[in-house]
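# please find the sequence and the predicted model below.
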Amino acid sequence: MTAQRPSPAGKTRACPHCKATILESASVCPACRHYLRFDASAQPAVSPSVPAFRVEGVIRNPEEVRQWEYAVVVSIRNDAGEELKRQVVSVGALEPLEQRMFSVSVEVFGATSISAATAPSVAAPTLATTRR
C-alpha cells in the first residue's frame, strides 16, 4: 500500500457520493458528510478547521394568501472587490405564514502541503462585514 501524497492547497475533486466539488485533501465531504478515507493509518490531510465566519437567519412570509419565492445565492469576492464566484445554491417557495431558517458558514483549513518550517505563521482569520 502506498502512502498518500499531499495535494497542492486548493486542488479540488468531485465527491464520489454526492458529486459536489470538494477539496482534494478532505477526509469527510462537507456537503453530504460521507467519509472519503477509511484507512485507519492515514493521517488527516488538513489541520482542524477554524470557524472563520457563520451567519444564521430566518425569513418568514407574513402574508396570509400569497406565496413568496426565494433564491439562495453565494458570492465570493477578492480584496479588490472583484467577484470570483457566484452560485445559486438553492431555490424554493414559502407558503403563506411559513418560514425557513438559513445558515451559512465558512471554515478554513491549514494545508499540509506546505512544510511547517517554511510556512508563515498565520493569525486567526478576521471577520469583516458590510451591510447593504
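The structure has been received and is ready for your questions.
# buried residues, the helix or strand bottoming out on mean pLDDT in the chain. List them.
None of the helices or strands of the chain scores lower by mean pLDDT, DSSP states H and E than strand 21-23, at a mean of 83. Neighbour-count burial for strand 21-23 flags 22-23 (criterion: 16 or more other CB atoms under 10 Å). Where you see a C-beta, it was placed from the backbone N, CA and C, and this is true even at glycine.
# and residue 15, how many neighbours?
17 (other CB atoms under 10 Å).
# low-confidence ranges in the chain?
Scanning the chain for pLDDT under 70 picks out 1-7, 38-49, 111-132.
# cutoff 50 now
1, 41-43, 45-46, 113-125, 127, 129-132 (pLDDT under 50).
# for it, just list every one of the strands.
12-14, 21-23, 50-60, 68-77, 83-94, 99-108 (DSSP state E).
# who's in contact with residue 15?
21-22, 29, 31-32, 34, 36 (CB atoms under 8 Å, 6 or more residues apart in numbering).
# my bad, should have said residue 62
residue 97.
# distance-wise, check it relative to residue 97.
From residue 62 across to residue 97, the span is 7 Å (CB to CB, to the nearest Å).
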